[in-house]
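Colleague: Take a look and give me a structure for this.
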Amino acid sequence: MEEKPWFVYILECQDGSFYTGVTNDLDKRMKTQASGKGSKYVRNKKFKKLLHAKQCLSKSDAQKAECHIKTLYKYDKLDWFNPEPPK
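Modeller: Residues are numbered from 1 along each chain as shown. Reported below is the predicted structural model:
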């Protein structure tokens, strides 16, 4: 059985806050979050939309990226997903 790729993602809640998580089934996870059956944070704040997702090499790498992203200021989190191209 082929192992599914892991992703780190960031979504926006109805109140404008961001939530960062990891999954190996992005479509299913977004449907779960949107239905109110995902994380307690998103269930309380209400899902608005997926902002970004990035494929990682492994579950461990996705979790490490998630921990790092959670240390960043709010809008720096978006920059992590869209780094500026080299000049």
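
Colleague: quick one: the helices in the chain?
Modeller: According to DSSP state H, the chain carries its helices in the segments 26-34, 40-45, 59-69, 74-81.

Colleague: elements contacting the third one?
Modeller: The one in question is helix 59-69. strand 6-13, strand 18-23, strand 47-56, helix 74-81 (3 or more CB pairs under 8 Å, 6 or more residues apart in numbering; DSSP states H and E). The way it works is simple: take the backbone N, C-alpha and C, and place the C-beta from them, glycine included.

Colleague: mind checking which of the helices of the chain is nearest T20?
Modeller: Between T20 and the helices of the chain, the shortest gap by CB to CB is with helix 59-69, which sits at 4.9 Å.

Colleague: What values do phi and psi take at the residue nearest to K4 when sequence neighbours are not counted?
Modeller: For K4, the nearest residue in space outside its immediate sequence neighbours is N24; the separation is 4.2 Å by CB to CB, 6 or more residues apart in numbering. In this entry, N24 is assigned phi and psi values of phi -110, psi 10 (degrees, to the nearest 10).
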